[in-house]
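A.B. asks: only geometry, no sequence info:
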């Protein structure tokens, strides 16, 4: 169960159990809200938020795409994130800023309703499980297609977009898998229900282009690490059968971090365990987020 001492809400800290919204909250009914998922890691210099500036920028971009004006500046949100982490005494935590339309007018026009902003932090381990992080997970290609670029705004991290993700995730879980892989309307692989995907075949690392997927910040981090390691890399469309014959597959995301995939649709991937490239990137990633490599320290926003 998620638990913290304090939540930041519209400019002030309130007790966790007192954080409530009205039943007529517009976003609760219609789904037009925007959010972020951010992680804070313990480092040798204290807690540090990984790529906080980029996450906050994406939050504001999401709001802009959706005609929403966040009533705080980016720096105010950044300071509020720091304040919330410190108030809860967390050293490692997951951070969820969310902006949503509050109660007021109902119907499909939210523009006259006030925009509320909240920041919640909680201690959260491996999203897909410690065993999955170490040994890999089993995935199912979903019967649900990923959003088309002109059906839903795929560059925006919108609350309502995740109905699609939930249906795919539930389907996968009910059929005994850990996660869903989703195809676009043309049948090409896009991402997981809440993660980006990378495929390794014959020494080449591939990931789908960012055309119709969320531009993941962990995805961007991994691409930069791949290039710094001088590994061969391509952004191109990936077919479903290419996934089946991949040597390695891994998923990336703030929650999922870097999680190997050992099986897709009952096809074993590689030798059924995390491959050497996946493990190399995974090891490097965790050193980066924990402040162990000076070269990447600019990605850390230390909690002060």
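C.D. replies: Right, received. Where do you want to start? From a predicted model like this one, the values you see are computed outputs, not experimental measurements.
A.B. asks: and the helices in this protein, which stretches?
C.D. replies: 26-30, 52-65, 74-88, 130-135, 162-174, 217-228, 240-244, 276-289 (DSSP state H).
A.B. asks: weakest of the ones you listed in terms of mean pLDDT?
C.D. replies: Of all the helices of the chain, the minimum mean pLDDT falls on helix 130-135 (a mean of 92).
A.B. asks: circling back to that earlier point, which of the helices of the chain sits closest to residue 304?
C.D. replies: Each of the helices of the chain has some distance to residue 304 by C-beta to C-beta; the shortest is helix 74-88, at 6.7 Å. All C-beta spots, glycine's among them, are computed from the backbone N, C-alpha and C.
A.B. asks: in stretch 276-294, what counts as buried?
C.D. replies: Neighbour-count burial for stretch 276-294, counted by 16 or more other C-beta atoms under 10 Å, picks out 277, 278, 279, 281, 282, 284, 285, 288, 289, 290, 291.
A.B. asks: contacts for that stretch?
C.D. replies: Residues outside stretch 276-294 that contact it (C-beta atoms under 8 Å, 6 or more residues apart in numbering): 39, 41-45, 48, 50, 200, 203, 205, 221-222, 225-226, 229, 231, 248-250, 257-258, 260, 274, 296-297, 299-300.
A.B. asks: buried among the residues you listed? Make that a ChimeraX selection.
C.D. replies: The buried subset of these, as determined by 16+ other C-beta under 10 Å, is captured in ChimeraX by this line:
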select :39,41,43,48,50,200,205,221,222,225,226,248,249,250,257,258,260,274,296,299,300
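A.B. asks: now intersect the contacts of stretch 276-294 with the strands, please.
C.D. replies: 39, 41-43, 48, 50, 200, 205, 248-250, 257-258, 260, 300 (DSSP state E).
A.B. asks: ok, of those residues, which one's closest to residue 237?
C.D. replies: residue 205 (14.7 Å).
A.B. asks: pretty sure the closest one sits against residue 235.
C.D. replies: No - if you go by C-beta atoms under 8 Å, residue 205 and residue 235 don't touch, sitting 9.9 Å apart.
A.B. asks: what's near enough to touch residue 97?
C.D. replies: Applying C-beta under 8 Å, 6+ apart to residue 97 gives the contacts 35, 36, 38, 55, 56, 59, 77, 80, 81, 117, 118, 119.
A.B. asks: residues near the second one, how many?
C.D. replies: Residue 36 is flanked by 24 other residues according to other C-beta atoms under 10 Å.
A.B. asks: residue contacts, it?
C.D. replies: Contacts for residue 36 (C-beta under 8 Å, 6+ apart) come out as 55, 56, 58, 59, 95, 96, 97, 98, 157.
A.B. asks: what do you get for the third one?
C.D. replies: Residues touching residue 38, when contacts are defined by C-beta under 8 Å, 6+ apart, comprise 49, 50, 51, 52, 55, 81, 94, 95, 96, 97, 254.
A.B. asks: and the residue lying closest to residue 31 once chain neighbours are set aside, how many neighbours?
C.D. replies: Leaving aside its sequence neighbours, residue 31 sits nearest to residue 160 (C-beta to C-beta, 6 or more residues apart in numbering; 2.6 Å). When neighbours are defined as other C-beta under 10 Å, residue 160 has 14 of them.
A.B. asks: residue 32 is in contact with residue 160, correct?
C.D. replies: Yes - using C-beta under 8 Å, residue 160 is in contact with residue 32, at 6.3 Å.
A.B. asks: overlap in contacts, those two.
C.D. replies: Common contacts of residue 160 and residue 32 (C-beta under 8 Å, 6+ apart): none found.
A.B. asks: pull out the buried positions in stretch 260-277.
C.D. replies: Result for stretch 260-277 [16+ other C-beta under 10 Å]: buried residues 260, 261, 262, 263, 264, 269, 270, 274, 275, 277.
A.B. asks: endpoints of that stretch, how far apart?
C.D. replies: Start-to-end span of stretch 260-277 (C-alpha to C-alpha, to the nearest Å) is 10 Å.
A.B. asks: so how far is it off the chain centroid?
C.D. replies: The chain centre lies 22 Å from the centre of stretch 260-277; the measure is C-alpha atoms, centre = their mean, to the nearest Å.
A.B. asks: spatially nearest residue to residue 178 (excluding sequence neighbours)?
C.D. replies: Leaving aside its sequence neighbours, residue 178 sits nearest to residue 137 (C-beta to C-beta, 6+ apart; 3.9 Å).
A.B. asks: list the contacts of that neighbour.
C.D. replies: Listed by C-beta under 8 Å, 6+ apart, the contact set of residue 137 reads 128, 129, 178, 179, 251, 259, 260, 261, 262, 263.
A.B. asks: roughly how far does it sit from residue 78?
C.D. replies: Taking C-beta to C-beta, to the nearest Å as the criterion, residue 137 is separated from residue 78 by 33 Å.
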